[in-house]
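Novice: here you go, sequence then predicted model.
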Amino acid sequence: MAPDRASEAPPPLSDNETDEATVGRYKLAAARAAAELVQDGMRVGLGTGSTVAYLLAALGERADELGRARCVATSPATAQIARELGLHVHGLDEVGELDIAIDGADQVARDGWLVKGGGGAHTREKIVAAAAERFVVIVSAEKLRARVGPPVPLEVLRFGVQRTLLAIGDAQLRAAHASPDGNLIADYTGPVQDARRLAERLSATPGVVEHGLFAPEMVSEIVVAGADGVRRRAGGKPTA
Ligand code: 5RP
């Protein structure tokens, strides 16, 4: 990634850049740009969320051409949509390593840190991203931040959940369905002064299955769509 200054805020967006229809158009543009990276025969990780829904639609339009591509979904919802669109969905252990994974994000900071898990799928999303040679993040410009902040999604074990939340501090259960793996979804709402230190602390807390902080070195590329078109930023993971 270009050595942006972490303290520098992204330019403020005007009202008409944050309305739902405009944001939808930006998500579509970012998703369609990333869809072009997918070739027949590739092993492809598919994220979760509304931006990924546009990606799935773009890949679905090419389902015949992508007849030998093998996809791994990060959620049951993504798996279902992908199958309905004619894409071939397999388990991660069946496919093994992935050539590419493409996913959305809730926040993208200038220093390359991401927050993911708005849809509570961050544990599977992180496993799939880590299995991919190239991890591409697709976002509309309103996801850009000077630095990542709360809420940071958490997946926590049911057993002793109140004890786990107490140990974390500033954390609440989310009114959401359990994860597909039977765990609960919560959010850390305290300050994020140092994303790496917080990520380490959350990972070290017994009962936390996974948190939604994604380190810059996991990310190959960030595709951002906004008023000035589609821009690509290199992530902290070198692309082979
Ligand atoms: C789901 C995620 C999503 O990628 C994130 O919440 C962004 O969602 P959307 O594309 O709907 O804005 O991490 O767990």
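Specialist: Received the coordinates, thanks.
Novice: CA atoms for contacts and neighbours, from now on please.
Specialist: OK.
Novice: how about the contacts made by residue 31?
Specialist: Counting by CA atoms under 8 Å, 6 or more residues apart in numbering, residue 31 touches 51, 52, 54, 55, 58, 138, 139.
Novice: count of neighbours near the fifth one?
Specialist: Counted with other CA atoms under 10 Å, the neighbours of residue 58 add up to 19.
Novice: including distance to residue 171 and pLDDT, could the contacts of residue 31 go into CSV?
Specialist: Shown next, in CSV, are the contacts of residue 31 (distance: CA to CA, whole Å; pLDDT from 0 to 100):
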residue, distance to residue 171, pLDDT
51, 27, 98
52, 27, 98
54, 32, 98
55, 32, 98
58, 37, 98
138, 27, 98
139, 26, 98
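Novice: could you pick out which of those residues are near the ligand?
Specialist: With CA under 6 Å from any ligand atom as the criterion, the contacts of residue 31 include 51, 52 near the ligand.
Novice: who wins for neighbours among the contacts of residue 31?
Specialist: residue 138 (31 neighbours).
Novice: thought that residue was touching residue 102?
Specialist: Yes - Residue 138 lies in contact with residue 102 (CA atoms under 8 Å); the separation is 7.1 Å.
Novice: now for the two: what residues contact both?
Specialist: Common contact partners of residue 138 and residue 102 (CA under 8 Å, 6+ apart): residue 34.
Novice: what residue ranges in this structure are flagged as low confidence?
Specialist: 1-9, 11-12, 15 (pLDDT under 70).
Novice: up against the ligand, what does it have?
Specialist: Within the chain, the positions adjacent to the ligand are 48-52, 103-106, 116-122 by CA under 6 Å from any ligand atom.
Novice: now the contacts of residue 31 in CSV, with secondary structure?
Specialist: As requested, these are exported to CSV (DSSP: H, G, I helix; E, B strand; the rest coil):
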residue, secondary structure
51, helix
52, helix
54, helix
55, helix
58, helix
138, strand
139, strand
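Novice: what's the farthest-apart pair in the contacts of residue 31?
Specialist: The widest separation within the contacts of residue 31, taken as CA to CA, falls between 58 and 139 and amounts to 15.4 Å.
Novice: for burial, what's the neighbour tally of residue 171?
Specialist: If we define neighbours as other CA under 10 Å, then residue 171 has 20 of them.
Novice: need the nearest residue in space to it, chain neighbours excluded.
Specialist: The shortest distance from residue 171 to any non-neighbouring residue, by CA to CA, 6 or more residues apart in numbering, is to residue 188 (4.3 Å).
Novice: what is the burial count for the one you found?
Specialist: Applying other CA under 10 Å, we find 22 residues neighbouring residue 188.
Novice: so residue 234 touches residue 220, yeah?
Specialist: Yes - in this structure, residue 234 is within contact of residue 220 by CA under 8 Å, at 6.1 Å.
Novice: those two: who's more crowded?
Specialist: Taking other CA under 10 Å, residue 234 and residue 220 do not tie; residue 220 has more neighbours (24 against 17).
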